[in-house]
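S.K.: sharing a model that was predicted from the sequence below.
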Amino acid sequence: MTTYPATFICLRTWDYGDADRIVHAFSPEHGLIRLFVKGARKTASKLAGACDVLHVSEALIFKGASGQFQRLCQYDSVCRYDVLRSDLAALACALVAAELIQAVLVEHDHYSQRLYELLIQLLDALEKAVSACDFGNALPACVCALTHFQTRLLSVAGYEPQLDTCIVSQTPLDWQQPHYAFSVPLGGVVAPESMTQIPSHTGLVRISTQTLRFLHTPPPVSELFSTKRALQIENLPLTLEKSQRFLHYYWTQQLEKPLRAFEMLQSLLNDQLAMQTPPGLSVTRQAAVSGPV
């Protein structure tokens, strides 16, 4: 039995019993920690704050000789990310990141320090996006920040897709093509001339070239702080929606588990897309991910 200090961020919580909570905490030094927080749901609890999702704390943790959970003894608040929490778009993006980090940690706990840095960098970027956007809508900048985060996370986890060249022939893609086939098992784009060289059972989905370009080289987040710059990016709302739909599909296939946090973000993106469609016109969308090509 031992007690040790740890810095951690709360990724997820569950109610337990009448007044307690179970917390999945992520520490750069110790990876994923499963905490039992006694009395956390009581009004006078001194440990309740550490159970707030996305709250960063410095804590003292008790580790028993056996058992699945460790126990939180005391904590000091480091950062609550209150600005982020005040914006639904930023919060939705942060919850997607928290769920992805937790899923990736299952097999890549040895990358805890790097993964923690990526998550904190994203949360800081989301807070800045909420404060800096000059038109009261932080969704484009937040989704752009989340896209940067996901491309880096895919690289660290070993799932990085090949988006600028054909996975079979290694030839550069022609960005004038309207769409390409993407193979999840192969982890990359398949050019039309290479289709005959892959097994017939290899699952293929169709992805628009515009979505590929955005995923390969997303714009700097700061460029979307300005209304003028955001409007200069062609079909930005549709591209944001397609890119996150593709990433949701790709992550789900790689991790082989459902990811529910994407649902709120996808709803926000769909709402923004609908609002920017002129009255009387329907939104015609070629799916970022469709059935087998």
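M.R.: Received the coordinates, thanks.
S.K.: show me the shaky parts of the protein.
M.R.: Within the chain, the stretches with pLDDT under 70 are 67, 134-136, 201, 227-228, 231, 276-293.
S.K.: sheet partners, orientation included, of the strand ranked longest in it?
M.R.: In the chain, taking DSSP state E as the definition, the longest strand is strand 2-16. The pairing partners recorded for strand 2-16 under DSSP bridges are strand 20-27 (antiparallel), strand 56-63 (antiparallel).
S.K.: buried deepest among these, which one?
M.R.: Of all the strands paired with strand 2-16, strand 20-27 has the most neighbours on average by mean count of other CB atoms under 10 Å, namely a mean of 22. Just so you know, the C-beta spots here come from the backbone N, C-alpha and C atoms, and that holds for glycine as well.
S.K.: what strand or helix carries the residue nearest to the spatial centre of the chain?
M.R.: Centroid-nearest residue in the chain: residue 97, 3.2 Å away (criterion: CA atoms, centre = their mean). Secondary structure from DSSP states H and E places residue 97 in helix 88-105.
S.K.: what sits up against stretch 9-22?
M.R.: 23-26, 32, 34-42, 45, 50-57, 69, 98-99, 101-102, 116, 119-120 (CB atoms under 8 Å, 6 or more residues apart in numbering).
S.K.: what about 6 Å?
M.R.: The contact list for stretch 9-22, computed with CB atoms under 6 Å, 6 or more residues apart in numbering, reads 23-26, 37-42, 51, 53, 55-56, 98, 102.
S.K.: what is the most widely separated pair among the residues you listed?
M.R.: Maximum pairwise distance among the contacts of stretch 9-22 (CB to CB): 26.3 Å, between 42 and 102.
S.K.: more neighbours: the two, which one.
M.R.: A direct count of neighbours by other CB atoms under 10 Å for residue 42 and residue 102 places residue 102 higher, at 16 against 13.
S.K.: distance of the more buried one relative to residue 202?
M.R.: 30 Å (CB to CB, to the nearest Å).
S.K.: one more: residue 188?
M.R.: Per CB to CB, residue 188 is found 11 Å from residue 202.
S.K.: the more surrounded of the two?
M.R.: Taking neighbours as other CB under 10 Å, residue 188 and residue 202 compare with residue 188 leading, 19 against 14.
S.K.: got a list of what that one touches?
M.R.: Contacts for residue 188 (CB under 6 Å, 6+ apart) come out as 161, 162, 167.
S.K.: nearest to residue 196 among the residues you listed?
M.R.: residue 167 (14.3 Å).
S.K.: and for the closest one, the neighbour number?
M.R.: With other CB under 10 Å as criterion, residue 167 counts 19.
S.K.: likewise for the one 5 residues further on?
M.R.: The tally of other residues near residue 172 (other CB under 10 Å) stands at 10.
S.K.: with residue 174 instead?
M.R.: 10.
S.K.: ok, residue 9 next?
M.R.: Using other CB under 10 Å, the number of residues around residue 9 comes to 22.
S.K.: pull out the buried positions in the helix or strand residue 239 falls within.
M.R.: Following DSSP H and E, one finds residue 239 within helix 236-255. Buried residues in helix 236-255, defined by neighbour count with 16 or more other CB atoms under 10 Å: 236-251, 254-255.
S.K.: list the contacts of stretch 141-149.
M.R.: 89-90, 93, 97, 122, 125-126, 129, 133, 218, 221, 224-225, 240.
S.K.: and the furthest pair within these?
M.R.: Maximum distance among the contacts of stretch 141-149 (CB to CB): 19.8 Å, for 97 and 225.
S.K.: distance of the closest residue in space to residue 190 that isn't next to it in sequence relative to residue 114?
M.R.: Among residues not flanking residue 190 along the chain, residue 181 sits closest, at 4.6 Å (CB to CB, 6 or more residues apart in numbering). Residue 181 is 32 Å from residue 114, where distance means CB to CB.
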